[in-house]
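**Q** Turn this into a model:
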Amino acid sequence: HSWPSYSRTLDHVVIGHRVAPDLVAGGVAVGLLHGARDTTAPVAYVRSLAAEVGTAGIDVRLDEVDGDHHLAVRRPDTVAAALDRLLTAR
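**A** The predicted structure follows:
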C-alpha cells in the first residue's frame, strides 16, 4: 500500500464508519469502556455515541476510567474489572 491508499482506507473503513446504527440494529444492551485521558480518540466522541444509542432506546453504559488510548495494554486490570461488571450485571 502507498500512503494515499492507506489513508483513504483508514478514513473510509475506520474513521468514516458510523457505529451507532450498528449498535442500535443489534438491539441489545451496549457496554462502552474508554480512557478519560485518551487524546487519540477523545472521550467526547464516545459520550456522543452513548447518547445517540441511548436516545434510540438501547440500554447503554459508558464507563470512563483513568487511562489513555492503550487501556488493554497499560490497564488490563481495569479492563478485566469492567468486563466482569458488565457480564455479571446482565
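**Q** Spatially nearest residue to the residue most central in space within the chain (excluding sequence neighbours)?
**A** When CA atoms, centre = their mean is applied to the chain, the residue found nearest the centroid is residue 32 (5.2 Å). Residue nearest to residue 32 in three dimensions, not counting chain neighbours: residue 62, with 4.6 Å by CB to CB, 6 or more residues apart in numbering. The way it works is simple: take the backbone N, C-alpha and C, and place the C-beta from them, glycine included.
**Q** could you say what helices and strands the strand or helix carrying the one you found packs with?
**A** Using DSSP states H and E, the element containing residue 62 is strand 60-65. For strand 60-65, the packing partners by 3 or more CB pairs under 8 Å, 6 or more residues apart in numbering; DSSP states H and E come out as strand 30-35, helix 43-55, helix 76-89.
**Q** other SSEs contacting the last one?
**A** Here helix 76-89 touches strand 30-35, strand 60-65, helix 71-74, going by 3+ CB pairs under 8 Å, 6+ apart.
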